[in-house]
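*Asks:* structure here, sequence nowhere to be found:
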Ligand SMILES: Cc1ncc(C[n+]2csc(CCOP(=O)(O)OP(=O)(O)O)c2C)c(N)n1
Ligand SMILES: Cc1ncc(C[n+]2csc(CCOP(=O)(O)OP(=O)(O)O)c2C)c(N)n1
Ligand SMILES: [Mg+2]
Ligand SMILES: [Mg+2]
């Protein structure tokens, strides 16, 4: 197979390392993006530590390095919208400002967790914040989000459904069935593919004939945007367009956000030994394309935001996480009865 | 959804009714095509009669009107190649010159049938002729043909696998998974979609955003040809190209053959009441695009073949079918023990 | 009371559920076709509009997932699979998703979806157009599995399913469509009230079955009555969660038990019935070993004589009962 | 004789089967990864080349279908599903295709494919990463279902599967990977020779189980020995086709029966075991009602304390046996 490098510079880690082009985004909004991204990163680092310290065993799929995608998309969502995700879902949850204590408690299996301790890292739920569920069967939430879009359409209130998934999920037939279904029924669904060029240990060139997955949207006649997923401004612009279209009855949209994860597929290590092209050098290069640093640089250079402002936010976040962690640690595990009581509404009868 | 009429004149029954352009095909080959197409049509008409006469109950999906596709493709296959099909598979079987008695016997559930009376119309098997199986779960033989292609590649003898399926099957996720798999592994597989614009009662415009399915091949970076499926010369040319490529290690190819079935989805009636655009007028127009008549006209006009030659072939076919039918009718039903004995090799133990 | 046949009763169930609840809709393959699912949904698209009776592309998995998704967002979809064989393609959404979301996400959300799987067999259709896989779904905690055996149940169980707070697998059998009976006007039904019932009383032997197998068992009981054997016939109705109490109580009276099921034997629902009886009834109360009648251990054949040999009949059941002694 | 652990034994089985038969190859997700399927396929890709040990896209259905297709064309592929949960997506190819092609096409062709499904549970992985669905596949005629409980069987059953003329579901359990024992050199194995065996003799009660549940049952038998209760433990090994003769014969001797299974209860393999015993052993020979131990009727939880409550233990089995009397 001749592999097509359709993404070009978007997939080349030596490119796009400079400060972001902030376009006409407001400084306040950009600073809020910074805050959200740092919160996500620090929370995931905290989860990594919990795992390393054996405070939890639940499999954790960390998205450090990919924070810009969820933050850029979420900027255009409100709590009436319905977000779905998969195994690597922390950022999608946190970008909606869903409760911090609840995600940490969930990762530690506590009854105060987002899923009351029944799900762990891979099964999160915070509908009050618009996060309607994540599950780790690859591709499973894609048609579910389409069904949420169908509900939105039937509700007729201009709400949208969003589904995050990866490049690997595009190999599941259900993605294709779902794209067709959403298109044929003109459903308000935003498909967001975080193309991090890997599915666990396998580089995309070992799994697909091209490194760009937007070709599937095109095949199903769905409008798409292929963007630098480490550029929160670019993500936000693309999402804004497509979400607006969906709200106004234009049907589904598809964002391909090219990005890279800094850690291994699962767990807190970088496992640079796993994966054919995933060399230490390449990883180092991708870290130069850090979505947080590029935003910070731009805010400093183009908007004159002072380092002290970032330090202040960072400090707030540390306190927030410390408090959340303490609250999570202090809470109980689920009571034994729920093992059966949660199976059917009102328990088994 | 805005429906894209990508096929244009290829899907317009008022077009392409004229005599075929025979290009540089040999007259002998073209006469052989005629023979094969008429054999298919007459056999299916015979099966329709058997069904009407209640000599069989097994569901029959007739492809009358679509004969050119299998005939054009099979011209480039030999018995080392492996052909798979679905519920509408009579033509694919017969175009390989698989035994006529065996298909009739199979439809009538006899032990001398292609599948020894265990399959009926929807499950045919004649590996000696290159027909390696048809089954009616829509899309099911697509990955199986891909696996046959993998076997061909491992065998290293330049053989190819062919899979016939319909426009409806393109809505099954497995088609997309299979295209990707075949592409990534560069397998010698020819995907042949008989796009007859219908999946049972539903017109393609109610199920997909475009009437052309080759867009899926394109998305998976598979070479494709979109052709008039009622033009046996065009089918043959397209198949020749792609099969040659596959034999030489070029990987998979995809033929979209646009055609139309004259009868209903299942059974011997035209059921023109079923299906949104399937009006009596449209059906009448499609019959003007008869693949047999257009070939006959061309052979007469461009090659001076005499009507008597056709009449002779027709007569031969009548005899062949009459003989086969008699043989089939005269044969036994499967013995009771095979119900269990065929489940496991050597019977249950 | 009006007389209603099973196929029409299903249609009435749809009509009642959809009229009663604007959040209830139907989705699946063939719903705009006059013949796809027999007469069981005839003209519903005309009555409720094509937005609430949605015909779909040939995409079992995404269609089912979309129904699950709509259910998770406040709707009560009924997703229709014209054959249980095709529904296998949707198993991930049924078993990994619908059955698990409530539990896995802490009990705060429920995929209130009804998955209708039709058993459509016979007519020389063969191995991929004949399966009855209710035992698979009965195996999975989180699903409710209903199988109506009568016209009233065909309607009422569909209503119960559409109104259920849990995901429901509703399985009907085309061989039952002509069974007719007098039925009361439709009303709301609490799914938790659907339990096994005695369809015919008897003191010599207990038969338990579901769906079409109930009709067969009742016919066998008629035959046996002539021999002076009084069979009690229990219609299981709800296979998951399954409550064996009534069956055990019956076997304690009769001392003999036969399970009849239209699926395969190994790990099938008949095995569950026999195991539930064996576990719950003291061996001292059994006058003989329990038994089961199921399909033979083979895929469905096509040819007419083999089809005839393949499917259990009332006569086969009666013969087995005779062998089991009195 | 060399000492071999279950995980390594699987790897040896692959190595033997692939060395012996050039038409045998492995395909599935994670086969080029150092950790995906534990140590059970370590470096096979290096040994046999990436053409015979094929790592695939995330496409369970097409991958399985491709393996079935290669099998129908003379190969003996072993398709690997790192979790049974993901394998549900491939159910159509397993159940509608692999299981049926021989029968449905007249006995002239056989999909000689091995489908390896791994039970990978615990570790707070939760509902979609824990399932043991062997009962589903045991339900389906046409499939052979094997579940090794020992290192020797882990290797030999894989060899038998690879050499089988029928499609085989080979199910291993990650919880067994460290079980080690002395094993003889690898040799060809006829799959039809794989039948239930007695792993421990005893006269008071018969336990039947498969896979990891055998280890649990043996541990329980150890505990019970101290109480003076002698359990006979039977390793079922082949769940489909299932031969209950040895188990029935044992229960006729002991008079008591307990089925232990790592799947769910309703229509599960434990139900089949109990039903087979109930059907085949005269109630007069039973000293008490048979029983089963399975998972609770719930999806797998994640949090540590619930996980602990969820999975059966040797102590739980021993306690149940004590309740069943002597
Ligand atoms: C149906 C299914 N198949 C396989 C897996 C194992 N698996 C978990 S994550 C993953 C990789 C997915 O890659 P991608 O979609 O690109 O997401 P990423 O991990 O890169 O975020 C795989 C194969 C699974 N969880 N579910
Ligand atoms: C998995 C599955 N879903 C649904 C069906 C019912 N079905 C049989 S044929 C058919 C239409 C297929 O249309 P197409 O692929 O275009 O083939 P055509 O009938 O037009 O030749 C459908 C939906 C089936 N057999 N299998
Ligand atoms: Mg990825
Ligand atoms: Mg078609």
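*Replies:* Structure received. Owing to the predicted nature of the structure, the values given are computational and were not obtained by experimental measurement. Ligands and ions are numbered 1, 2, ... in the order given.

*Asks:* what about the helices in the chain?
*Replies:* In the absence of a named chain, this looks at chain A. A:27-52, A:67-74, A:90-94, A:100-107, A:141-155, A:173-184, A:214-219, A:232-247, A:280-288, A:291-303, A:307-329, A:338-341 (DSSP state H).

*Asks:* let me rephrase: I mean chain C.
*Replies:* All helices of chain C, identified by DSSP H, fall at C:6-20, C:44-48, C:60-72, C:84-87, C:91, C:101-104, C:134-138, C:151-162, C:212-226, C:245-254, C:269-280, C:304-310, C:314-323.

*Asks:* nearest to ligand 3, of the helices of chain A?
*Replies:* helix A:67-74 (11.7 Å; C-beta to the ion). All C-beta atoms are positioned from the backbone trio N, CA, C, and that covers glycine.

*Asks:* identify the residue spatially nearest to the closest residue to ligand 2 within chain C, adjacent ones excluded.
*Replies:* At 3.9 Å from ligand 2, residue C:86 is the closest residue in chain C, using C-beta to the nearest ligand atom. Take residue C:86 and drop its neighbours on the chain: the residue closest to it by C-beta to C-beta, 6 or more residues apart in numbering or on different chains is residue C:60, 5.6 Å away.

*Asks:* now the one you found: how far from residue B:181?
*Replies:* 20 Å (C-beta to C-beta, to the nearest Å).

*Asks:* same question, residue C:177
*Replies:* Distance from residue C:177 to residue B:181, by C-beta to C-beta: 41 Å.

*Asks:* does the residue nearest to residue C:86 touch residue C:85 like I think?
*Replies:* No - using C-beta atoms under 8 Å, residue C:60 is not in contact with residue C:85; the gap is 10.2 Å.

*Asks:* neighbour count for residue C:177 and residue B:181, which is higher?
*Replies:* Each of residue C:177 and residue B:181 has its neighbours counted (other C-beta atoms under 10 Å in any protein chain shown); residue B:181 has more, 29 against 21.

*Asks:* check contacts around that one.
*Replies:* B:143, B:146, B:187, D:56, D:57, D:59, D:62, D:63, D:66 (C-beta atoms under 8 Å, 6 or more residues apart in numbering or on different chains).

*Asks:* of these, closest to ligand 3?
*Replies:* residue D:57 (11.7 Å).

*Asks:* just give me the neighbour total for the closest one.
*Replies:* 23.

*Asks:* buried sites along stretch A:57-70?
*Replies:* For stretch A:57-70, a neighbour-count test (16 or more other C-beta atoms under 10 Å in any protein chain shown) marks A:57-70 as buried.

*Asks:* that stretch close to ligand 3?
*Replies:* No - for stretch A:57-70, no contact with ligand 3 is found by C-beta under 5 Å from the ion; the gap never falls below 9.4 Å.

*Asks:* hmm, who's touching stretch A:284-301?
*Replies:* A:13-22, A:27, A:30-31, A:33-34, A:37-38, A:41, A:65-68, A:229-233, A:259-260, A:262, A:305-307, A:310.

*Asks:* now the residue of the stretch 101-250 of chain C found nearest ligand 3: closest residue in space, sequence neighbours ignored.
*Replies:* For the stretch 101-250 of chain C, the residue closest to ligand 3 is residue C:104, as judged by C-beta to the ion, at 23.0 Å. The shortest distance from residue C:104 to any non-neighbouring residue, by C-beta to C-beta, 6+ apart, is to residue D:127 (4.4 Å).

*Asks:* before we move on, the earlier item: contacts only, for the residue of chain C closest to ligand 2.
*Replies:* By C-beta under 8 Å, 6+ apart, residue C:86 lies in contact with B:137, B:138, C:29, C:60.

*Asks:* pick out whichever of those residues sits closest to ligand 4.
*Replies:* Closest to ligand 4, out of all of these and judged by C-beta to the ion, is residue B:138, at 9.7 Å.

*Asks:* tell me how far the closest one lies from residue B:144.
*Replies:* 13 Å.

*Asks:* what about the two, which has more around it?
*Replies:* residue B:144 (35 against 26).

*Asks:* can you name the residues that contact the more buried one?
*Replies:* Residues near residue B:144 by C-beta under 8 Å, 6+ apart: B:84, B:133, B:163, D:65, D:66, D:68, D:69, D:72, D:93, D:97.
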